[in-house]
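J.: Dropping the sequence and predicted coords here.
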There are 2 protein chains.
Amino acid sequence: MAIEIALTRQGHQVATAATGEEALEMWQSQRPELVVLDVMLPGIDGFEICRRIRRTDQVPIILLTARSDDIDVVVGLESGADDYVVKPVQPRVLDARIRAVLRRHGNGVPDAGDTAVFGDLVVDRAAMTVTRAGEPISLTPTELKLLVELSRRPGQALSRQQLLRLVWDHDYLGDSRLVDACVQRLRAKVEVVPSEPQLIRTVRGIGYRLDPPR
Amino acid sequence: MAIEIALTRQGHQVATAATGEEALEMWQSQRPELVVLDVMLPGIDGFEICRRIRRTDQVPIILLTARSDDIDVVVGLESGADDYVVKPVQPRVLDARIRAVLRRHGNGVPDAGDTAVFGDLVVDRAAMTVTRAGEPISLTPTELKLLVELSRRPGQALSRQQLLRLVWDHDYLGDSRLVDACVQRLRAKVEVVPSEPQLIRTVRGIGYRLDPPR
DNA sequence: GCCTCGCGTCACAGAATTGCCACAGGCCTT
DNA sequence: AAGGCCTGTGGCAATTCTGTGACGCGAGGC
């Protein structure tokens, strides 16, 4: 449905269930980061699913409904949901609410980051892991930090100066190959063909840029 | 105003500020459990207050507004609010949202006996017990607290800094091997092969992470 | 077409992290 | 009061990582 497409475009990985039973199954098998539940589902209704999940799991749950009944809101939140959104909802509003719930989840741990997707490369800033085509890639701390900072600003060229400040916490930039060297090491692990980088592009005279594919 | 009366009737203790400046003052002096902010306040606006509070405090914040603009919702949640409610709002709906936010924050209703499962390791945060393959494991208080905090954020990398704050309630991080030592002791009891940890993974340069298996 | 500057690449040695251990002080129990 | 369990600290070694300098190539500019 439309919501799935919109969320995918926002960088979320989405799996959809058609019925309540299916939803419970998928939740158990896939252990999602967050659950968006339509209240009016065929089979078990959203409230009940919410309560069942809550019995054993603290996963963030957002209830979604066409009914704007106040009673519904109260019941929904009482059954353990973290938020309750009334349709129709703008994709970016839903996304903002998702991010807010994720941010708050975990007692407000700072940097409860989200994940960024670049083709088959996934940067999970919460777990601090990187995978390509599902395969985990092992990066050194500096490489990881560099990739994380780049992934926070997709498509934006970052100067060596900026990268030094963000990743190395330096301010001075000598005539140093430092950034280049790290980019090179990163490319060697992340790019399919390191000599022809598709993700981490060089911006001549400036620095580097992490491009979403196509 | 009406909201104040309604909230008081629901059993909350309420203090009201007339202007933005006053709100900031009261927040600092009274340290409330939760803040309900009207966006359109005389003086500093709600968004800004929200951001300022967030700079130093994790107190739950609910934004309240007459405008139902989507942009507003996004901006509000981005400035760190936990929820965003559009007026007019039924008192019991606001109350439900307040309770939901408090519940999520761990201040309000105590955890409804949640347990986290990691393979054959079970962390029961209600009973404060840990079992592996059904066998109870005896942990010291600190080890238990550490495991509980990790289990609350499965798959999320936590820095030593964060762990110190969560488990030890410190803020300073010397060149201390404290976290490492405790992790090591925990691993010795929890991991099948302590030298090859499958559950408590180290994230080099960051800290540790409790992974769900596979 | 040539020249210059910027970038990619590589190897290496010092530096930084982390696992691991032993120990001592503190707290609780007996 | 004595004993035992925790816990925090410091040290050590192994491992990994990082920054640097040198070198060559290729892209733009003239």
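T.: Perfect, I can see it now.
J.: Around DNA strand D, which positions in chain A sit nearby?
T.: For chain A, the contact set with DNA strand D under CB under 7 Å from any atom of the strand comprises A:138, A:140-143, A:168, A:174, A:176-178, A:181-182, A:185, A:204. Just so you know, the C-beta spots here come from the backbone N, C-alpha and C atoms, and that holds for glycine as well.
J.: And the residues you listed, which of them are buried?
T.: A:142-143, A:178, A:182, A:185 (16 or more other CB atoms under 10 Å in any protein chain shown).
J.: With distance to DNA strand C added, can I get those residues in TSV?
T.: Below are those laid out as TSV (distance: CB to the nearest atom of the strand, whole Å):
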residue	distance to DNA strand C
A:Thr142	10
A:Glu143	13
A:Leu178	9
A:Cys182	9
A:Arg185	9
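J.: Can you lay out the residues of chain A next to DNA strand D as JSON lines showing secondary structure and pLDDT?
T.: Formatted as JSON lines, the residues of chain A next to DNA strand D follow (DSSP: H, G, I helix; E, B strand; the rest coil; pLDDT from 0 to 100):
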{"residue": "A:Ser138", "secondary structure": "coil", "pLDDT": "93"}
{"residue": "A:Thr140", "secondary structure": "coil", "pLDDT": "96"}
{"residue": "A:Pro141", "secondary structure": "helix", "pLDDT": "96"}
{"residue": "A:Thr142", "secondary structure": "helix", "pLDDT": "95"}
{"residue": "A:Glu143", "secondary structure": "helix", "pLDDT": "96"}
{"residue": "A:Trp168", "secondary structure": "helix", "pLDDT": "90"}
{"residue": "A:Gly174", "secondary structure": "coil", "pLDDT": "65"}
{"residue": "A:Ser176", "secondary structure": "coil", "pLDDT": "78"}
{"residue": "A:Arg177", "secondary structure": "coil", "pLDDT": "85"}
{"residue": "A:Leu178", "secondary structure": "helix", "pLDDT": "90"}
{"residue": "A:Ala181", "secondary structure": "helix", "pLDDT": "93"}
{"residue": "A:Cys182", "secondary structure": "helix", "pLDDT": "94"}
{"residue": "A:Arg185", "secondary structure": "helix", "pLDDT": "95"}
{"residue": "A:Arg204", "secondary structure": "coil", "pLDDT": "90"}
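J.: Next, give me the two most distant ones among the buried ones among the residues of chain A next to DNA strand D.
T.: Based on CB to CB, the longest span within those runs between A:Glu143 and A:Leu178 and measures 12.6 Å.
J.: Residues contacting stretch A:41-54, please?
T.: A:18-24, A:27, A:35, A:37-40, A:59, A:61, A:63-65, A:75-76, A:79-81, B:112 (CB atoms under 8 Å, 6 or more residues apart in numbering or on different chains).
J.: Show me which residues of that stretch are buried.
T.: So for stretch A:41-54, counting by 16+ other CB under 10 Å, buried means A:41, A:44, A:46-47, A:49-50, A:52-54.
J.: Check stretch A:29-37 too.
T.: In stretch A:29-37, residues buried by neighbour count (16+ other CB under 10 Å) are A:32-37.
J.: what distance separates the start and the end of that stretch?
T.: 17 Å (CA to CA, to the nearest Å).
J.: dump the residue contacts of A:Arg209.
T.: With CB under 8 Å, 6+ apart, A:Arg209 has these contacts: A:150, A:155-158, A:200-201, A:203.
J.: hmm, try it at 7 Å
T.: By CB atoms under 7 Å, 6 or more residues apart in numbering or on different chains, the contact set of A:Arg209 is A:155-158, A:201, A:203.
J.: Need the buried ones from the contacts of stretch A:41-54 selected in ChimeraX.
T.: Provided next is the ChimeraX selection string for whichever of the contacts of stretch A:41-54 are buried by 16+ other CB under 10 Å:
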select /A:20,23,24,27,35,37,38,39,59,61,63,64,65,75,76,79,80,81
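J.: Tell me which of the contacts of stretch A:41-54 fall in helices.
T.: A:20-24, A:27, A:75-76 (DSSP state H).
J.: Over in chain A, which residue gets nearest DNA strand D? Let me know.
T.: In chain A, no residue comes nearer to DNA strand D than A:Thr142, which is 2.8 Å away by CB to the nearest atom of the strand.
J.: Any stretches of chain A with poor pLDDT?
T.: A:1, A:10-11, A:67-70, A:104-114, A:173-174, A:214 (pLDDT under 70).
J.: can you give me the strands for it?
T.: If DSSP state E is used as the criterion, the strands of chain A fall at A:35-38, A:61-65, A:83-86, A:115-118, A:121-124, A:129-132, A:135-137, A:158-159, A:200-203, A:207-210.
J.: Would stretch A:157-173 count as contacting chain B?
T.: No. Stretch A:157-173 is not in contact with chain B by CB under 7 Å from any CB of the partner chain; minimum separation 11.3 Å.
J.: which residues are contacting that stretch?
T.: A:142, A:145-146, A:149-150, A:179, A:203, A:206-209.
J.: Okay, buried residues for that stretch please.
T.: A:157-158, A:160, A:162-164, A:166-167, A:173.
J.: And for stretch A:81-101?
T.: In stretch A:81-101, counting by 16+ other CB under 10 Å, buried: A:81-85, A:89, A:93-101.
J.: ok, now which ones touch the residue in chain A that DNA strand C sits nearest to?
T.: Proximity to DNA strand C, evaluated over chain A using CB to the nearest atom of the strand, is greatest for A:Thr202 at 3.7 Å. Residues near A:Thr202 by CB under 7 Å, 6+ apart: A:Tyr208.
J.: ok, the residue in chain A that chain B sits nearest to - contacts?
T.: Per CB to the nearest CB, A:Pro141 is where chain A lies closest to chain B, at 2.5 Å. For A:Pro141, the contacting residues are B:204-205, by CB under 7 Å, 6+ apart.
J.: Swap in 10 Å and give it another go.
T.: A:128, A:167, B:203-206 (CB atoms under 10 Å, 6 or more residues apart in numbering or on different chains).
J.: do A:Val190 as well
T.: So A:Val190 contacts A:118, A:121, A:123, A:130, A:132, A:137, A:139, A:143, A:147, A:183, A:197-200, A:210 (CB under 10 Å, 6+ apart).
J.: Among these, find me the one that's closest to B:Gln13.
T.: Distances from B:Gln13 to those, taken by CB to CB, are shortest for A:Val123, at 44.1 Å.
J.: Double-check the closest one against A:Thr131; I have them as touching.
T.: Yes. Between A:Val123 and A:Thr131 there is a contact at 8.6 Å, judged by CB atoms under 10 Å.
J.: of those two, who's got more company?
T.: A:Val123 (27 against 15; other CB atoms under 10 Å in any protein chain shown).
J.: Not counting sequence-adjacent ones, nearest residue to the spatially most central residue of chain A?
T.: With distances taken as CA atoms, centre = their mean, chain A has A:Thr115 as the residue nearest its mean C-alpha position (2.7 Å). In space, and not counting its chain neighbours, A:Thr115 is closest to A:Asp124: 4.5 Å by CB to CB, 6 or more residues apart in numbering or on different chains.
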